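**Q** Have a look at this fold, sequence not included:
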């Protein structure tokens, strides 16, 4: 493992919600290499059942999931008092999704992820930089 400067106990936790198992697995792997602890969920319902108020450093949520969209999940979490910064990931970004993400003050990253765009977005969100 790469030395990230974080001890096991200090690692920021990223919660990943994506219905695609391959995406969840690759995100978990790449985020752990960057020094993050990762908890992943296959959909909004799984997250809400497991942790009604998840404690984490950042949320990474897929927009296009069956049952509940990423923006809807984020709105639900905000209503429950979850204030963690968030990054919305999306394969097909529409103008409406872009507008709703801006209104929700959430970073939007388009799939496929090029270079370090996702990691950079997570770090910026955690630093409190505006989207």
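**A** Structure received. These numbers were taken from a predicted model, which means no experiment stands behind them.
**Q** Now do the helix or strand where residue 39 lies, average pLDDT.
**A** Per DSSP states H and E: residue 39 is located in strand 37-41. On average, the pLDDT along strand 37-41 is 97.
**Q** what's the next secondary structure element after it?
**A** Taking DSSP H and E, what comes next after strand 37-41 is helix 44-50.
**Q** so what does the helix or strand following that next one touch, helix or strand wise?
**A** Sequence order places strand 58-62 as the next helix or strand after helix 44-50, per DSSP H and E. Judged by 3 or more Cβ pairs under 8 Å, 6 or more residues apart in numbering; DSSP states H and E, the packing partners of strand 58-62 are strand 13-17, helix 70-79, strand 86-90, helix 117-126. Heads up, the C-betas are built off the backbone N, CA and C, glycines and all.
**Q** what's the most buried one of the ones you listed?
**A** Most buried of the helices and strands packed on strand 58-62, by mean neighbour count (mean count of other Cβ atoms under 10 Å): strand 86-90, with a mean of 25.
**Q** Kindly list the longest helix within this structure.
**A** The longest helix of the chain (DSSP state H) is helix 21-33.
**Q** Now do the buried residues in that one.
**A** 23-24, 27-28, 31-32 (16 or more other Cβ atoms under 10 Å).
**Q** next one: stretch 43-52
**A** Buried-residue list, stretch 43-52, by 16+ other Cβ under 10 Å: 43-44, 47-48.
**Q** Grab the most central residue of this protein for me.
**A** The residue lying closest to the centre of the chain (Cα atoms, centre = their mean) is residue 60, at 0.5 Å.
**Q** Check what pLDDT it gets.
**A** 98.
**Q** okay, now residue 58: neighbour count?
**A** 22 (other Cβ atoms under 10 Å).
**Q** quick one: contacts for it?
**A** Contact analysis of residue 58 by Cβ atoms under 8 Å, 6 or more residues apart in numbering lists 12, 14-15, 84-87, 122, 125-126.
**Q** Which positions are bridged to it in the beta structure?
**A** Bridge pairing for residue 58 (DSSP bridges) gives the partners residue 14.
**Q** Would you quantify the distance from it to residue 92?
**A** 23 Å (Cβ to Cβ, to the nearest Å).
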